[in-house]
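> sequence unknown, structure follows:
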């Protein structure tokens, strides 16, 4: 049975980015259904797939799975060969803890630094609660890399669902030029070098739906030159 | 290897209640370590177990698992016989979705109606956002009961990790006398008669630590007799 992933704008929808980058990197085939958020009829289109009214949603035969973390658990179970969780039980327990910490947390960072691929890299002052989020994430990433990262450049060596959960934070740290440790920076570089990352970003830059609440410089909308040059049809 | 669950105050710590009721109901043996929250030294004691600085934390050999949902996934995998997730794949996918929706959501209801076992049931006027959370939860529970609840009184029939995730919401709906549909009322009833529920509640009522930010009638603290 073919899978369909229903998600929002590639430029802005951080929750959508998580299962998309996981499935694409793990080589799990799926069909895309993009619903531009906050447009006329968007809410109804999302509700037609899930009563929670949120993207992303995975359509898998009879199963409708919403919430990025639940989608990742579902995929990990359904496609064991994809190795979405680390195979070592201790690493896997740790990966699930950091993934769940992301799922419920870091609200100040998420509010202050919305994911926004077309915004040129520009520093933004961070209030204390956001800076505390950054500090915790940097310490967590550095700890994962040191303890579990021997077999590759990702949090648990090989790419895992934990990386997918933090992909939007990698994008935020990059876009807002957030100061991080060298271990965290090396991890960010590895994430941003993924083919799936480049593919999502290229599509994001071509989008033309602007959401004021996700533009930190509103009413100015800064877009990197490639995006301005690429006229969407 | 024996398990230890590090938790906060039983009266208030909704996140702690989730793995505790799951393990107790599923018959998974563990030692309890209770750290009263917001006391001198509390933060340091929690940080000694987990750098995230939050309860609950499960200590399982040399593993430290924090975040209630991650603990439940870990236990489901480690104790398959406990059947913490529904056996049917479609039901299991649905259970994981609503568990994750709880883990990240319903902030308005959680803020407005803190879990408190010793507060006598008394209505509280809901903000529009908290009322919207209640509408969504009521619809979700009713749908789960109708579609997946054939084998028992819980969301997916048998008790599951999804019930553990919503246990603190059950308590809030009860403590603040919030109106819900008949299916949800029956579900609340099934949850609150669980022996594990009674056991946690009895311990909560004996606690003496009062947290002003969790007492909605502060400076008045109303306690059930």
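Perfect, thanks for sending it. Because the structure is a prediction, the values reported are computed rather than measured. Residues are numbered from 1 along each chain as shown, chains lettered A, B, ... in the order given.
> the longest helix along chain A packs against which elements?
In terms of residue count, the longest helix belonging to chain A (DSSP state H) is helix A:128-148. Helices and strands touching helix A:128-148, by 3 or more CB pairs under 8 Å, 6 or more residues apart in numbering or on different chains; DSSP states H and E, are helix A:89-104, helix A:107-112, helix A:161-175, helix A:182-192. No exception for glycine: its C-beta is placed from N, CA and C like everyone else's.
> return the most buried member of the ones you listed.
Highest mean neighbour count among the helices and strands packed on helix A:128-148 (mean count of other CB atoms under 10 Å in any protein chain shown): helix A:161-175, with a mean of 25.
> angle of it against helix A:89-104?
Relative orientation of helix A:161-175 versus helix A:89-104 (axes from the mean of the first three to the mean of the last three CA atoms, to 10 degrees): 50 degrees.
> helix A:161-175 vs helix A:182-192, what angle?
Going by the same axes, to 10 degrees, helix A:161-175 is angled at 100 degrees with respect to helix A:182-192.
> residues touching residue A:140, list them.
A:98, A:101, B:51, B:52 (CB atoms under 8 Å, 6 or more residues apart in numbering or on different chains).
> pick the one among these closest to residue A:51.
residue A:101 (26.5 Å; CB to CB).
> domains of the chain?
Using chain A. Listed domain ranges for chain A are A:3-82, A:89-196 (source: automatic domain parsing).
> switch to chain B, that's the one I care about
If you go by automatic domain parsing, chain B breaks into B:3-82, B:89-200.
> dump the ones you listed to a markdown table, plus distance to chain A, mean pLDDT and mean neighbour count.
Putting the domains of chain B into a markdown table (distance: least, CB to the nearest CB, whole Å; pLDDT from 0 to 100; neighbours: other CB atoms under 10 Å in any protein chain shown) gives the following:
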| stretch | distance to chain A | mean pLDDT | mean neighbour count |
| --- | --- | --- | --- |
| domain B:3-82 | 4 | 96 | 20 |
| domain B:89-200 | 3 | 97 | 19 |
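> nearest to residue A:112, out of those?
Nearest to residue A:112 among these is domain B:89-200; the distance by CB to CB comes to 16.8 Å.
> that closest one: end-to-end distance?
Taking CA to CA, to the nearest Å as the measure, domain B:89-200 stretches 31 Å from start to finish.
> and for stretch A:49-61?
Taking CA to CA, the span from the opening residue of stretch A:49-61 to its closing residue is 12 Å.
> which parts of it are buried?
Neighbour-count burial for stretch A:49-61 flags A:49, A:50, A:52, A:54, A:55, A:56, A:57, A:58, A:59, A:60 (criterion: 16 or more other CB atoms under 10 Å in any protein chain shown).
> quick one: distance of that stretch to the chain centre.
Relative to the chain's own centre, stretch A:49-61 is displaced by 17 Å; criterion: CA atoms, centre = their mean, to the nearest Å.
> what mean pLDDT does it get?
Along stretch A:49-61, the predicted local confidence has a mean pLDDT of 95.
> what are the phi and psi values at the nearest residue to residue A:78 once chain neighbours are set aside?
In space, residue A:78 comes closest to residue A:60 once its chain neighbours are excluded; the distance is 7.1 Å by CB to CB, 6 or more residues apart in numbering or on different chains. Backbone geometry at residue A:60, expressed as degrees, to the nearest 10, gives phi -130, psi 90.
> try the one 4 residues further on
Reported as degrees, to the nearest 10, the phi and psi values for residue A:64 are phi -120, psi 110.
> give me the pLDDT for it.
95.
> OK, contacts around it?
Going by CB under 8 Å, 6+ apart, the list of residues near residue A:64 reads A:49, A:50, A:57, A:58, B:93, B:94, B:97.
> likewise residue B:22?
Residue B:22 touches B:28, B:72, B:75, B:84, B:161, B:163, B:164, counting by CB under 8 Å, 6+ apart.
> so residue B:12 is in which element?
With elements taken from DSSP states H and E, nothing contains residue B:12; it lies in neither a helix nor a strand.
> so it touches residue B:37, yeah?
Yes. With contact defined as CB atoms under 8 Å, residue B:12 reaches residue B:37; the gap is 7.0 Å.
> find the residues that touch each one of the two.
With CB under 8 Å, 6+ apart, residue B:12 and residue B:37 have common neighbours residue B:211.
> residue A:9 belongs to a strand?
No. According to DSSP: H, G, I helix; E, B strand; the rest coil, the state of residue A:9 is coil, so it is not within a strand.
> touching, it and residue A:36? I think so.
Yes. Contact between residue A:9 and residue A:36 holds when scored by CB under 8 Å: they sit 5.7 Å apart.
> so residue A:37, which of the three states?
With three-state DSSP as the basis, residue A:37 sits in coil.
> who does the closest residue to residue A:2 other than its chain neighbours bridge with?
For residue A:2, the nearest residue in space outside its immediate sequence neighbours is residue A:31; the separation is 6.2 Å by CB to CB, 6+ apart. The residues listed as beta-bridge partners of residue A:31 by DSSP bridges are residue A:4.
> can you pull out the strands in chain B?
For chain B, the strands defined by DSSP state E cover B:3-7, B:31-34, B:57-60, B:63-66.
> now tabulate these in CSV and tack on distance to residue A:108.
Formatted as CSV, the strands of chain B follow (distance: least, CB to CB, whole Å):
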stretch, distance to residue A:108
strand B:3-7, 25
strand B:31-34, 29
strand B:57-60, 23
strand B:63-66, 19
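> let me know which of these is the nearest to residue B:220.
Evaluated with CB to CB, the strands of chain B place strand B:31-34 nearest to residue B:220, the distance being 25.8 Å.
> for residue 121, what are phi and psi?
Answering for chain A, as no chain was given. For residue A:121, the backbone dihedrals are phi -60, psi 120 (criterion: degrees, to the nearest 10).
> oops, wrong one, chain B.
Dihedral pair for residue B:121: phi -60, psi 120, per degrees, to the nearest 10.
> name the nearest residue to it, ignoring sequence neighbours.
Once its chain neighbours are removed from consideration, residue B:121 has its nearest residue in residue B:177; the separation is 5.0 Å (CB to CB, 6+ apart).
> which residues does that neighbour contact?
Residue B:177 makes contact with B:121, B:122, B:123, B:124, according to CB under 8 Å, 6+ apart.
> please apply the same query to residue A:2.
If a contact means CB under 8 Å, 6+ apart, then residue A:2 has A:29, A:30, A:31 as its contacts.
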